[in-house]
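Peer 1: have a look at this fold, sequence not included:
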């Protein structure tokens, strides 16, 4: 309502006007669920019903004949008071809803003019208002964590960007957005159920809020994605906060009564230009986050133009995936493995390649993360197993026997339901013995759900399929889980092999890995072997098998079939 000045008070009413003229009228007014009060032209109470007494927490005897502004001084300059004066001055009905602090109540009032003053009907709408406030909160907040949701985040971010553009750009960054994405969170839901996953998200939220200043805005914008908005900051301060968030993952989480180790990937985008929108800023943070994931996860990455070009390339590859399988653009190359004791061939590692019609032959580092984040991940597993078994059978017809082929699987692929049955079914369809297959997994694919991973690996072993732990020493390397895993082979990471020529410690590390493997009944395979000096060191350390460019680069199936007999 617009503010109105006091009108000249009309003539005071006579005493008879202060009381209803009929007894039944008073009974009727007292039965109303709304409060009812009448004011004369001098703003004195002339009547109140029982509901008005209850709402105002006053007996009518204490109010009748007294001025409303004297009894309730807070009304004088309130919106309620302005509505009353406007109705008295114009004769037009007035209406207003507001919070009346002295009575801790939301009132809806309706004012009507009459010849002797005004009548006010009012009711307590506190419950209605609280319900509306609850609905408003639920519309703008995440039901699980209580943090603002994506809708509220975009509202706050848009306003912050607009304010920054109006105030001008000072040294530093007026705004920084940190996008946090939990790594391998889907595996937690798959392994322990959504209730356990929800508990983990709440745990992370509490850890996050504990390290943030109260004025810092944080939101949950997706299943496992969180946003932090920093104002008047710097690039170094934003990165420091990102690393502080990552440190919160040092302590394992609890999920389904089990201890779960998780990590996160964090992308940061700074508002660089006044023309940038909230959507652009969030998109840049998203791009940086995916770059952090692609570079190994558990990292903080700042957005720059090079990342923008890389994201456009990722998007193009994602679009090209649709027809890649149908057009048979994927293929396998095989890198030979030989026994160190007698240089005899023992098998090979199957390595995925994409023969792109425009970009040529692509290595997995270019496209694999895009493929694994796409709907084609399960299609890849079926195709990969089928291709490997088909080649094993073809080589066997050529007289190449007893070659074990290793297949790399991601964490999600390893823990997918029915993996062992699928491998056995495909192998049987090609007449291939399960003993000719080896499943390679990385360390970080096991720690998400060590119990389930152990169960799957045991089932593979029971089916006659061997297993290898790839890149050993480059990840978590926890002896606590290693002794529990039914792994057949440890693959020594290429970084240790390459360091043999420049560091004496590398030799000690490799000897330690070989000794550990032997004590656990495992064999060892060294990757990335490129010269005879490395071979000598590895042989002296007791390593069982090697692979690398010294023996051969990864070969196409036909070239592999020609090459392997030469090693015999």
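Peer 2: Arrived safely, thanks for sending. In this text, all values refer to a predicted model and were calculated from it rather than measured experimentally. Residues are numbered from 1 along each chain as shown.
Peer 1: now do the SS call for the nearest residue to residue 414 once chain neighbours are set aside.
Peer 2: Nearest residue to residue 414, sequence neighbours excluded (CB to CB, 6 or more residues apart in numbering): residue 441, at 5.4 Å. All C-beta spots, glycine's among them, are computed from the backbone N, C-alpha and C. Secondary structure, DSSP: H, G, I helix; E, B strand; the rest coil: residue 441 is strand.
Peer 1: what's across from residue 441 in the sheet?
Peer 2: residue 469 (DSSP bridges).
Peer 1: now do stretch 303-320: distance to the chain's middle.
Peer 2: In terms of CA atoms, centre = their mean, to the nearest Å, the gap separating the centre of stretch 303-320 from the centre of its chain is 20 Å.
Peer 1: make sure residue 231 is actually in contact with residue 174.
Peer 2: Yes: with contacts counted by CB atoms under 8 Å, residue 231 reaches residue 174, the gap being 6.9 Å.
Peer 1: what about these two, which has more around it?
Peer 2: residue 174 (21 against 15; other CB atoms under 10 Å).
Peer 1: number of nearby residues for the closest residue to that one other than its chain neighbours?
Peer 2: Take residue 174 and drop its neighbours on the chain: the residue closest to it by CB to CB, 6+ apart is residue 164, 3.8 Å away. Other residues near residue 164 come to 19 when the count uses other CB under 10 Å.
Peer 1: strands of the stretch 451-568 of the chain, start to end?
Peer 2: Taking DSSP state E, counting those that start in this stretch as the test, the strands found in the stretch 451-568 of the chain are 466-472, 489-492, 523-526, 545-546.
Peer 1: can you tell me which of those strands is nearest to residue 147?
Peer 2: Comparing the strands of the stretch 451-568 of the chain against residue 147 with CB to CB, the closest turns out to be strand 466-472 (36.0 Å).
Peer 1: in TSV, list the strands of the stretch 451-568 of the chain along with mean neighbour count, distance to residue 104 and mean pLDDT.
Peer 2: Listed next are these as TSV, based on neighbours: other CB atoms under 10 Å; distance: least, CB to CB, whole Å; pLDDT from 0 to 100:
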stretch	mean neighbour count	distance to residue 104	mean pLDDT
strand 466-472	23	64	87
strand 489-492	25	69	92
strand 523-526	25	74	95
strand 545-546	24	78	96
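Peer 1: possible to save the ones you listed as a markdown table with distance to residue 449?
Peer 2: Converted to a markdown table, the strands of the stretch 451-568 of the chain look like this (distance: least, CB to CB, whole Å):
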| stretch | distance to residue 449 |
| --- | --- |
| strand 466-472 | 16 |
| strand 489-492 | 21 |
| strand 523-526 | 25 |
| strand 545-546 | 29 |
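Peer 1: apart from its neighbours in sequence, what residue is nearest residue 231?
Peer 2: residue 175 (6.1 Å).
Peer 1: residue 424 reaches residue 435, doesn't it?
Peer 2: No: at 11.8 Å, residue 424 does not count as touching residue 435 under the criterion of CB under 8 Å.
Peer 1: the two - which one has more neighbours?
Peer 2: Neighbour count, other CB under 10 Å: between residue 424 and residue 435, residue 424 has more, with 16 against 13.
Peer 1: over to that one: give its phi and psi.
Peer 2: Per-residue torsions, residue 424: phi -60, psi -40 (degrees, to the nearest 10).
Peer 1: so who does it touch?
Peer 2: Residues in contact with residue 424, defined by CB atoms under 8 Å, 6 or more residues apart in numbering, are 434, 463.
Peer 1: show the pLDDT at it.
Peer 2: You'll see residue 424 listed with a pLDDT of 96.
Peer 1: next: residue 296.
Peer 2: With respect to pLDDT, residue 296 scores 72.
Peer 1: Provide the secondary structure category for it.
Peer 2: Judged by three-state DSSP, the three-state class of residue 296 is coil.
Peer 1: what about it, neighbour count?
Peer 2: For residue 296, the tally of surrounding residues (other CB under 10 Å) stands at 12.
Peer 1: starting at the chain centroid, how far to the helix or strand where residue 267 lies?
Peer 2: Assessed by DSSP states H and E, residue 267 sits inside strand 264-270. On the basis of CA atoms, centre = their mean, strand 264-270 sits 12 Å off its chain's mean C-alpha point.
Peer 1: for that strand, packing partners?
Peer 2: Secondary-structure packing of strand 264-270 (3 or more CB pairs under 8 Å, 6 or more residues apart in numbering; DSSP states H and E): strand 173-182, helix 235-247, helix 278-294, strand 300-302.
Peer 1: what angle do that strand and helix 235-247 make?
Peer 2: Computed by axes from the mean of the first three to the mean of the last three CA atoms, to 10 degrees, the angle separating strand 264-270 from helix 235-247 equals 160 degrees.
Peer 1: which residues sit against strand 264-270?
Peer 2: Under CB under 8 Å, 6+ apart, the answer for strand 264-270 is 173, 175-183, 235, 238-239, 242, 245-246, 249, 281-282, 284-293, 297-303.
Peer 1: neighbouring strands - and their directions - for it?
Peer 2: Strand 264-270 pairs in its sheet with strand 173-182 (antiparallel), strand 300-302 (parallel), by DSSP bridges.
Peer 1: tell me which of those strands sits nearest to residue 340.
Peer 2: That would be strand 300-302 among those, by CB to CB, at 39.7 Å.
Peer 1: now the element after the closest one, going C-ward?
Peer 2: helix 305-324.
Peer 1: list the buried ones in the helix or strand following that next one?
Peer 2: Reading on from helix 305-324 to the C-terminus, the next helix or strand found by DSSP H and E is strand 330-339. Across strand 330-339, burial judged by 16 or more other CB atoms under 10 Å covers 330, 332-339.
Peer 1: next: stretch 376-384.
Peer 2: For stretch 376-384, the neighbour count (16+ other CB under 10 Å) marks 376, 380-381, 383-384 as buried.
Peer 1: and these, which is closest to residue 75?
Peer 2: Set against residue 75, the nearest of these by CB to CB is residue 376 (68.3 Å).
Peer 1: for residue 370, see how far away the closest residue to the closest one other than its chain neighbours is.
Peer 2: Leaving out its chain neighbours, the residue that sits closest to residue 376 by CB to CB, 6+ apart is residue 321, at 5.7 Å. For residue 321, the distance to residue 370 (CB to CB, to the nearest Å) stands at 7 Å.
Peer 1: shared neighbours of those two, which are they?
Peer 2: Common neighbours of residue 321 and residue 370 (CB under 8 Å, 6+ apart) do not exist.
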